[in-house]
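**Student:** Have a look; sequence and predicted model below, questions after that.
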Amino acid sequence: MPEQLDDAPMRRRQWGAERRTRPLDTIHARPSDRKLVSGRVAIILTIAFWLAYLVYTVIRQFLDYGTESFRFTTEAVSYLVVVTFLTFSALMHLVARQGALERFATHVRVPRAELDRHFAEGHGSPLTVLVPSYAEEPDVVATTLWSAALQEYPSLRVVLLVDDDPFPTDPETAAKLERTRAVAASIQAQLAAPSHRFREALFFAEIEAEQAPMASVAALRTLVAHHRWADAWLRRHAREHGIADHVDHFFHDQVLVGLADEFRLTAEALDAAITDAGDREVTDVTSARAVELQRRLTWTFTAEITTFERKRYANLSHEANKAMNLNSYLGLLGGAYRYEETASGTVLRTVADPAEADLVVPASDYVLTLDADSVLLRDYCLRLVYFLEQPENANVAVTQTPYSSFRGAATRIERLAGATTDIQHILHQGMSKYGATFWVGANAVIRTRALRDIEETETVGGFEVKRYVQDRTVIEDTESSVDLGMHGWTLVNYPERLSYSATPPDFGSLIVQRRRWANGGLLILPKYIRQVRERKARGERVSVVEMALRVNYMASIAWGSLGLIFLLAYPYDSRLLSPMVLLAALPYFWLFASDLKYCGYKRTDILRIYGFNLILMPVNVAGVLKSIQQALTAKKIPFARTPKVRDRTASPALYVLAPYAIVAFSVFTFVRDFGAENWGNATFAAFNALLATYAIVAYIGVWNSVVDVFLWATGWMFYDPSARAARRAARKEARLSAKAARRGLVPEPVPATEDWRSVLYFGQRGTTMPEHLATRHDTVHHDEKTAA
């Protein structure tokens, strides 16, 4: 089991952090009729108040005063555009929320016995869990792998895709990488004992079941003993599991102890069946059901866990993003390969006979992508694959449960980020009501056949590179959702809470995450428009609500951030202000606060979220500008992974100072408009200044701001002498080469014996064997061979 590292610092709990550690219920509460009606009324009121503002304020001003000046006309048009876009986003929030409530009202959970019967009939298609990891803490990776390995699924393979440099020179980094590599083997070793026990028990249970239709008392007593053994095994490992934070609490309580509780409950039910049998030798439990229960034990503890490192192989893409890490392994599914040493590195060559292969990657009908900081509940795979295998869902390519947050956050900002995550879970569920689902990325079960449909192949350096998940933008899951739609596939969010993922615990890591989220939506929007045209050409119906939800999902960060800047910065004419604008926004804020209460937070957190979004506005704008930069330059934006460290992540000075600038400008605007008796603008400015100031103190921290700005201001004073010497040497060599070229001098020939392998492989001088291969050329490869 994952243990707390001795040198891992515990994050100090802040005042105002979350005390609740119990997660939200797996099954959403069935909404009342009152809640459903209030949602519909809120949608109607939002539209009505916007129309009232348009007629009684904007149009009335033009009718009364005409186009009295170019400035007033420009202000009126721009203000109307900003208010319309913001109201549209609020309306889409309410529409998605209403769709979620209607789904929750009609959802009926599939009974456990029906799931067992379905998979007992031979429907257990192979499932491969892919966990991409880069510079993760080994204990975080272990928690994720354990939650995947303990899934109750008949044919499960878990692969940790380590994306670190395979040959680091830093001793500390190398030691951490070795610990990460050892996680999979450690889990496999710990599962060996229960796996052997329950496989053997299943063999005898199936033989006995063939002899009688009803299970005997002796057979049930044996089954009870196995369930109690599994219960004790899980509880023992739960006691040994080190607890460092609220995520470890969740894993302990919901994964280990939660699974143990289910086994104990089953054992107690079987004991009751034995008691009801009285003096009879046969119980009322069918032999088939007894075998299904034994299979459940076997499936839970027999996953195969392994590790794969794409950067060990020269023919696989080394692009630094999660999408290509996944694509590299997806392209190998169903193949057998042998290692071939070349001057550019180890190359995987396809072989026909798996017996001759060094690496065999089994084929898989389904793939589950799982972030290395996410945790699954025990029946995630079983329920989602069952959903995909129903006849009415034959065209569903991806199903997922949008992740929820871990409760009990130690910092105020993590608590609030978790609140927005839980609200987003509801909205994503509602988008499925209207066929507007997007692949979220943290977890999803995908049909391999659907991935083959969107496969793109290109040749890079003589090697074939396959792309399934697009890496053109940093929100690869969103673009892949559009690609699947072009090929006639759909996506559905499963209406339960079965997955959880970590939220950033400090402002620095939150900046990285939210800047990535804000980048890419505008680039994907034209592709979605092409998708709509293609679907209509095929005769498919594309609803207006679906298009509105998808466009809002991809572009709302852009127009929301820029629109809020206009409202904050420009002193609009007071005649354009109207209570109708506030009334149009009131249903959104009221129901948002209601949903926060439903998710276990406070209604007043709506004000904290408003201030939270104010200080994140510069981050969102930076992400939008990055999208524009990529559109103009046609160059990919580097993928920035969210830091997952127990210590604080330093924030760039720009994003620390910008919130202070927002407060200062809001105070200036308040003073100016108060003096001009422009009461509406003055009130809005004071409101923004107050909440932004609270957000700075609560979520960034005044002292942390000083530290981050100091690090930025003094960063130029510190340098790496070796890096500086290398740069000087490179500049000197470049100057000498340029001087020789101007004089027509020919450099002295390099002896062929210097690197004969490179010459024979590349066919030219100047291309050398990678350093790690030169020093390790005769070493034995890390054993990644698996059974065919």
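**Tutor:** Happy to help now that I have it. Residues are numbered from 1 along each chain as shown.
**Student:** Touching the strand or helix carrying Val667 from outside, list them.
**Tutor:** Using DSSP states H and E, Val667 sits in helix 653-675. Helix 653-675 has contacts (CB atoms under 8 Å, 6 or more residues apart in numbering) with 507, 511, 568-569, 571, 614-615, 617-619, 622, 679, 681-682, 685-686, 688-689, 692-693, 695-696, 700, 705, 708-709, 711-713. To be clear about C-beta, it is placed using only N, CA and C from the backbone, and glycine gets the same treatment.
**Student:** repeat that for 7 Å
**Tutor:** For helix 653-675, the surrounding residues in contact (CB atoms under 7 Å, 6 or more residues apart in numbering) are 511, 568-569, 571, 614-615, 618-619, 681-682, 685-686, 688-689, 692-693, 696, 700, 705, 708-709, 712.
**Student:** for stretch 566-585, same thing?
**Tutor:** 46, 49-50, 52-53, 56-57, 61, 72, 75-76, 78-79, 82-83, 87, 90, 665-666, 673, 678, 680-681, 688.
**Student:** Mind checking the pLDDT average for it?
**Tutor:** Summarised as a single mean, pLDDT over stretch 566-585 is 85.
**Student:** How about stretch 402-417?
**Tutor:** Stretch 402-417 comes out at a mean pLDDT of 93.
**Student:** ok so, going back, what subset of the contacts of stretch 566-585 is buried?
**Tutor:** Among those, those buried by neighbour count (16 or more other CB atoms under 10 Å) are 46, 49-50, 52-53, 57, 61, 72, 75-76, 79, 82-83, 87, 90, 665-666, 673, 678, 680-681, 688.
**Student:** circling back: in PyMOL, select just the buried ones from the contacts of helix 653-675.
**Tutor:** Filtering the contacts of helix 653-675 down to the buried ones (16+ other CB under 10 Å) takes a single PyMOL command:
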select buried, resi 511+568+614+615+618+619+681+682+685+686+688+689+692+693+696+700+705+708+709+712
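**Student:** In helices, which of the buried ones among the contacts of stretch 566-585 fall?
**Tutor:** Among the buried ones among the contacts of stretch 566-585, the members falling in helices (DSSP state H) are 46, 49-50, 52-53, 61, 72, 75-76, 79, 82-83, 87, 90, 665-666, 673, 680-681, 688.
**Student:** picking that back up, need the CA coordinates for the helix holding Val667. PDB is fine.
**Tutor:** In PDB, the C-alpha atoms belonging to helix 653-675 read as follows (Å, rounded to 0.1, in the frame of the first residue of the first chain):
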ATOM      1  CA  ALA A 653       5.000  38.100 -10.700                       C
ATOM      2  CA  LEU A 654       2.600  39.300 -13.400                       C
ATOM      3  CA  TYR A 655      -0.300  37.200 -12.000                       C
ATOM      4  CA  VAL A 656       0.500  38.300  -8.500                       C
ATOM      5  CA  LEU A 657       0.600  42.000  -9.300                       C
ATOM      6  CA  ALA A 658      -2.400  42.100 -11.600                       C
ATOM      7  CA  PRO A 659      -5.000  41.500  -8.900                       C
ATOM      8  CA  TYR A 660      -3.500  44.400  -6.900                       C
ATOM      9  CA  ALA A 661      -3.800  46.500 -10.000                       C
ATOM     10  CA  ILE A 662      -7.500  45.500 -10.300                       C
ATOM     11  CA  VAL A 663      -8.100  46.600  -6.700                       C
ATOM     12  CA  ALA A 664      -6.300  49.900  -7.300                       C
ATOM     13  CA  PHE A 665      -8.200  50.600 -10.500                       C
ATOM     14  CA  SER A 666     -11.500  49.700  -8.900                       C
ATOM     15  CA  VAL A 667     -10.800  52.100  -6.000                       C
ATOM     16  CA  PHE A 668      -9.900  54.800  -8.400                       C
ATOM     17  CA  THR A 669     -13.100  54.200 -10.400                       C
ATOM     18  CA  PHE A 670     -15.100  54.300  -7.200                       C
ATOM     19  CA  VAL A 671     -13.600  57.700  -6.200                       C
ATOM     20  CA  ARG A 672     -14.100  59.100  -9.700                       C
ATOM     21  CA  ASP A 673     -17.700  58.000 -10.100                       C
ATOM     22  CA  PHE A 674     -18.700  58.800  -6.600                       C
ATOM     23  CA  GLY A 675     -17.600  62.400  -7.200                       C
END
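**Student:** How far away from the center of its chain is it?
**Tutor:** Averaging C-alpha positions (CA atoms, centre = their mean, to the nearest Å) puts helix 653-675 34 Å from its chain's average.
**Student:** Give the buried residues for that helix.
**Tutor:** In helix 653-675, counting by 16+ other CB under 10 Å, buried: 653, 655-660, 662-663, 665-667, 669-670, 673.
**Student:** Kindly indicate which of the residues you listed lies nearest Ser195.
**Tutor:** Ranked by distance to Ser195 (CB to CB), the buried residues of helix 653-675 are led by Tyr655 at 48.9 Å.
**Student:** ok, the closest one to Ser364 distance?
**Tutor:** 41 Å (CB to CB, to the nearest Å).
**Student:** What is the burial count for Asp253?
**Tutor:** Neighbourhood size, Asp253 [other CB atoms under 10 Å]: 16.
**Student:** no wait, Ile423
**Tutor:** 19.
**Student:** which residues touch the spatially most central residue of the chain?
**Tutor:** For the chain, the residue nearest the mean C-alpha position is Ala442 (2.5 Å; CA atoms, centre = their mean). Neighbouring residues of Ala442 by CB under 7 Å, 6+ apart: 371, 374, 403, 499, 501.
**Student:** OK, contacts around the first one?
**Tutor:** It stands for Asp371. Neighbouring residues of Asp371 by CB under 7 Å, 6+ apart: 442-443, 501.
**Student:** Same check on the second one?
**Tutor:** Contact partners of Ser374, counting by CB under 7 Å, 6+ apart, are 144, 403, 442-443, 499-501.
**Student:** The residues you listed in strands, which ones?
**Tutor:** Within the contacts of Ser374, residues falling in strands by DSSP state E are 443, 499-501.
**Student:** residue ranges with poor pLDDT in the stretch 551-700 of the chain?
**Tutor:** By pLDDT under 70, the weakly predicted segments of the stretch 551-700 of the chain are 639-640, 643-647.
**Student:** go again using 90 as the cut-off
**Tutor:** In the prediction, the stretch 551-700 of the chain carries residues with pLDDT under 90 at positions 564-579, 623, 625-650, 672-684.
**Student:** Please apply the same query to the stretch 351-500 of the chain.
**Tutor:** 354, 410, 440-442, 458-464, 470-477.
**Student:** Please tell me how far stretch 427-435 is from the chain's geometric centre.
**Tutor:** On CA atoms, centre = their mean, the centre of stretch 427-435 falls 18 Å from the chain's centre.
**Student:** likewise stretch 93-108?
**Tutor:** That offset, for stretch 93-108, works out to 22 Å (CA atoms, centre = their mean).
**Student:** Just the mean pLDDT for that stretch, thanks.
**Tutor:** pLDDT averaged over stretch 93-108 gives 97.
**Student:** List the buried residues for that stretch?
**Tutor:** Judged by neighbour count (16+ other CB under 10 Å), stretch 93-108 contains these buried residues: 93-104.
**Student:** again, but for stretch 361-375
**Tutor:** Neighbour-count burial for stretch 361-375 [16+ other CB under 10 Å]: 361-362, 364-375.
**Student:** ok, these vs Arg415, which is closest?
**Tutor:** Closest to Arg415, out of all of those and judged by CB to CB, is Asp373, at 16.9 Å.
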